[in-house]
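*Asks:* Using only what follows, build the 3D model:
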Amino acid sequence: MSPAAHPHAVHVSRTVERLVIGQATSDGAGVKLSRILTQDLQHRLDPFLMLDAFGSDQPDDYIAGFPDHPHRGFETVTYMIAGRMLHRDSAGNEGLLQNGGVQWMTAGQGVIHSEIPQQADGVMEGFQLWLNLHSSEKMQAPWYRDFQNAQLPQFQTPEGVAITVIAGSSHGVQGAVSREITQPIYLDVHMPQGARFEQTLPAGHNAFIYVYRGEVRIGGQAVPVQRMAILKNTAQADGVVIEASANAKLILVAGQPLKEPIVQYGPFVMNSKEEIHQALADFREGRLGERA
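*Replies:* The predicted model follows:
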């Protein structure tokens, strides 16, 4: 089959608009992490609100975890590359996230949950991505699903690139999760040195990659380790072509922007200050996270 006839070929690749370095911070009960997608990028990378990368072999950096805390108005996607994290929430869900597993939680109208490491030593590494909900979905009932690594669709290209499809689709392989409004694409891509990977992307999607091992190039621009590359929104581009200048691992994330007001107060993300005040009142009065 000629490249032009290949349904998953990219004819015009997006380029890198800019590189972003994560900000060192801590969250929960002092867990050290790098905040890569910060509040000032929420409109540029709509519908994504936040991306945290955590990774340490020092238990003191992560052992206290994230005790009970509330969420309302968005979804959290936690991807564990290494280590184990126990989730419990006010909807009665409990699950142990293990190496290579994903936890997808729709907070909707509200949930109170905890994420506590289940190991005393060793490496703890992963990502937490916040995905916004459309105004029509912010007050829906909470939803939760754990996917162990074996439950996530995976495939390998002829060049030896290994892809895990967490959300959306890649090369005809449907991911574990799909969402009708935001249409998220979330891939974990492992590339041997010299390999090339093409991913089609809808022109309207905002998209970025984050390189967590090695280095890649997009349109001749180097994207080093621990850098996010925001991909330029170019009308004629139909995807992105990534080339590995060394053995590399990255996540590729894209989604359909909601183009709605974003009002965030800590763990609540709504469309107006009034809705934030309501969320705070519901939390204070014990209504947030109540079982229906």
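*Asks:* my guess is Leu45 contacts Ile36, does it?
*Replies:* No. Leu45 lies out of contact with Ile36 (CB atoms under 8 Å); the separation is 10.3 Å. Where you see a C-beta, it was placed from the backbone N, CA and C, and this is true even at glycine.
*Asks:* what's in contact with stretch 40-53?
*Replies:* Stretch 40-53 is contacted by residues 20, 22, 27, 33-39, 74, 126-132, 182, 184, 206, 208, 210, 212, 226, 228, 230, 253, 255-259, 262, 264, 269 when judged by CB atoms under 8 Å, 6 or more residues apart in numbering.
*Asks:* Can you give me the buried ones in it?
*Replies:* Leu41, Gln42, Leu45, Asp46, Pro47, Phe48, Leu49, Met50, Leu51, Asp52, Ala53 (16 or more other CB atoms under 10 Å).
*Asks:* what's the average pLDDT for stretch 232-247?
*Replies:* For stretch 232-247, mean pLDDT is 97.
*Asks:* what's in contact with that stretch?
*Replies:* 10-17, 189, 191-201, 203, 206-207, 209, 213-219, 222, 231, 250, 252.
*Asks:* Quick one: buried ones out of those residues?
*Replies:* 10, 13-17, 189, 191, 195, 197-201, 206-207, 209, 214-218, 231, 250, 252.
*Asks:* burial of Pro158, as a residue count?
*Replies:* Pro158 has 6 neighbours, counted by other CB atoms under 10 Å.
*Asks:* Then the one 10 residues further on?
*Replies:* Each residue near Gly168 was counted by other CB under 10 Å, and the total is 25.
*Asks:* residues contacting it?
*Replies:* Contacts of Gly168 (CB under 8 Å, 6+ apart): Gly175, Ser178, Gln183, Pro184, Ile185, Tyr186, Leu187, Ala254.
*Asks:* Same check on Phe283?
*Replies:* Pro70, Gly110.
*Asks:* Distance check, Ala120 against Phe127.
*Replies:* 23 Å (CB to CB, to the nearest Å).
*Asks:* higher neighbour count, the two?
*Replies:* Phe127 (24 against 7).
*Asks:* for the more buried one, which residues make a bridge with it?
*Replies:* On the basis of DSSP bridges, Phe127 is bridged to Ala53, Tyr79.
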